[in-house]
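In: Here is my input; please provide its structure:
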Amino acid sequence: MIRMLRAPLRPVTYSRWLHLCVPLLLLAVWMFINPRWPWMPLLIVIPFGFVPWVRLAEGLQARFLLTPREDGVEDDTISGRPSAHWGDRWRTVLWLEIRLLVAGAAMFATVMLPVMSVELVATALGQPLTDDPALPFTPPRWAAALLAPVPLVVLLVVVVLLGEVITTIARRLLGPSAAERLTVLEARTEQLLERTRIARELHDSIGHALTVAVVQAGAARAAGDPEFTDRALNAIEETGRAALEDLERVLLVLRESSRPPSQRPTLAEADRLLESARASGAEVDAELIGPLEKLPGPVTREGYRILQEALTNVLRHCGPVPVRVRVEMTGRRLLLEVTNPMPERVAVTSGGGSGLRGMRERAALLGGEAETGPHEDAWRVRARLPLERIR
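Out: Numbers count the residues shown, from 1 in each chain. Got it, this is the predicted structure:
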């Protein structure tokens, strides 16, 4: 009851009314051509239902008029895609048939009920009725005055009910098919994975740059040596510039810019990471084995990030300590290992924070594995990434 009282104030009531009246154009044209066969439009629309783009047009029209956006949220229960299978085509044919029938009922109510109100007003004023009145009976003048608004109220109720009916039918017949729902689900999954990857990129790149900057600034202040301070500033500048490039690339992705984003760093650029760690005071003993420049794209990019996060954790939690780095490419896999002394004051947990979890997730996405934790009185990060599946 409350919904009926609020119906005249809701824009969707009138947009649905307009949707109900649109097929009347076809009915009106046909009645002008041959009024003796009023059912012929039901046959005319059948071939159009098999045209894939008709479903697209009907879906967009239903979205705009039957389920307009509320609070900026678009209703995805009605598909906005052309027919892809015969099931979609048959459902479109059935939708066109039902829409014409409902439009006929809407036409009758839209025309006849206002005419009844006019005739009741004319009767109440003492004016003679037409030769072919729409009213089934002629009420007294006092009764006609009381009944005059009733047909308009009935019209409002009919419009609201027919609007609800046609919207429900549209969601069933024009709704996404199983293949379309799967496509939408895959797209949403890709978006979530992309957001997770971007979050890891920002954590690894910006976290590494800030860690190097903090360590370098602290070491320069403690050393009090102009030459060392100059080297520290150069290291901070280089690391900050690389982080800005990564940040710009990620922001371009987030903004969906048409410009191609910068290429993500690869293990072929591992020397940059190692020099950055050395400039921060760490004694890095690196061993790079194999043609790293020939690694598959996903492996070399994720391997770079794993190495970057491992070195960042060393600088952040242990400071300038000796670090042993081993990167080896074999015929079947890439082995990446970072080992450093583990001070007793550092609390060790196997779970780790988002950085350690991110390394394990990167390896898992490629079908590999990453282990982080104590190993022979040291802290070790060991990742094994397969190459055959990627190729």
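In: Point out where the stretch 201-350 of the chain drops to low pLDDT.
Out: 201, 204-205, 208, 245-246, 248-264, 343-350 (pLDDT under 70).
In: which residues in it form strands?
Out: Counting by DSSP state E, counting those that start in this stretch, the segments of the stretch 201-350 of the chain that form strands are 283-289, 322-329, 333-341.
In: Can you give the contact residues for the shortest one?
Out: Same thing as strand 283-289. 270, 274, 277-278, 320-329 (C-beta atoms under 8 Å, 6 or more residues apart in numbering). All C-beta spots, glycine's among them, are computed from the backbone N, C-alpha and C.
In: Just send those residues back as JSON lines, with neighbour count and distance to Ile78 too.
Out: Conversion of the contacts of strand 283-289 to JSON lines gives the following (neighbours: other C-beta atoms under 10 Å; distance: C-beta to C-beta, whole Å):
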{"residue": "Ala270", "neighbour count": "22", "distance to Ile78": "52"}
{"residue": "Leu274", "neighbour count": "19", "distance to Ile78": "56"}
{"residue": "Ala277", "neighbour count": "29", "distance to Ile78": "56"}
{"residue": "Arg278", "neighbour count": "15", "distance to Ile78": "60"}
{"residue": "Pro320", "neighbour count": "16", "distance to Ile78": "62"}
{"residue": "Val321", "neighbour count": "17", "distance to Ile78": "61"}
{"residue": "Pro322", "neighbour count": "14", "distance to Ile78": "64"}
{"residue": "Val323", "neighbour count": "23", "distance to Ile78": "58"}
{"residue": "Arg324", "neighbour count": "16", "distance to Ile78": "60"}
{"residue": "Val325", "neighbour count": "23", "distance to Ile78": "56"}
{"residue": "Arg326", "neighbour count": "15", "distance to Ile78": "57"}
{"residue": "Val327", "neighbour count": "23", "distance to Ile78": "53"}
{"residue": "Glu328", "neighbour count": "14", "distance to Ile78": "55"}
{"residue": "Met329", "neighbour count": "23", "distance to Ile78": "52"}
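In: Show me the helices in the stretch 1-150 of the chain, by range?
Out: 2-6, 11-21, 24-33, 40-49, 52-65, 86-124, 141-147, 150-173 (DSSP state H, counting those that start in this stretch).
In: which of the contacts of strand 283-289 sit farthest apart?
Out: Pro320 and Met329 (28.6 Å; C-beta to C-beta).
In: With Leu24 as the reference, name the closest of the strands of the stretch 201-350 of the chain.
Out: Leu24 lies closest, by C-beta to C-beta, to one member of the strands of the stretch 201-350 of the chain: strand 333-341, at 68.2 Å.
In: what's near enough to touch the residue nearest to Leu66 when sequence neighbours are not counted?
Out: Spatially, and ignoring its direct neighbours in sequence, Leu66 is nearest to Thr167 (4.6 Å; C-beta to C-beta, 6 or more residues apart in numbering). Applying C-beta under 8 Å, 6+ apart to Thr167 gives the contacts 16, 62, 66-67.
In: For those residues, which entry has the maximal number of neighbours?
Out: When these are compared by neighbour count (other C-beta atoms under 10 Å), Ala62 ends up highest, at 27 neighbours.
In: residue contacts, it?
Out: 19, 78, 167, 170, 174.
In: Quickly name whichever of those is closest to Thr339.
Out: Nearest to Thr339 among the contacts of Ala62, with distances taken as C-beta to C-beta, is Ile78, at 57.9 Å.
In: circling back to that earlier point, can I get the strands of the stretch 201-350 of the chain in a markdown table with distance to Pro114?
Out: As requested, these are arranged in a markdown table below (distance: least, C-beta to C-beta, whole Å):
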| stretch | distance to Pro114 |
| --- | --- |
| strand 283-289 | 85 |
| strand 322-329 | 82 |
| strand 333-341 | 78 |
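In: quick one, which of the ones you listed is nearest to Arg141?
Out: strand 333-341 (95.7 Å).
In: How far off centre is that closest one?
Out: Distance, stretch centre to chain centre, for strand 333-341: 37 Å (C-alpha atoms, centre = their mean, to the nearest Å).
In: Domain map for the chain?
Out: The chain breaks down by automatic domain parsing into domains covering 2-176, 182-386.
In: and the shortest one, what's its mean pLDDT?
Out: Over the span of domain 2-176, the pLDDT mean works out to 83.
In: Begin at 670, not 1, for the rest of this chat.
Out: Got it, the first residue is 670 from now on, which makes the last one we talked about domain 671-845.
In: On the three-state scheme, the residue most central in space within the chain is what?
Out: Using C-alpha atoms, centre = their mean, the residue of the chain that lies closest to the mean C-alpha position is Arg857, 4.9 Å off. Using DSSP: H, G, I helix; E, B strand; the rest coil, the structure places Arg857 in helix.
In: How much space separates it from Ala753?
Out: 19 Å (C-beta to C-beta, to the nearest Å).
In: again with Pro989
Out: 61 Å.
In: now swap in Leu782 and tell me
Out: 41 Å.
In: Please apply the same query to Ser684.
Out: 28 Å.
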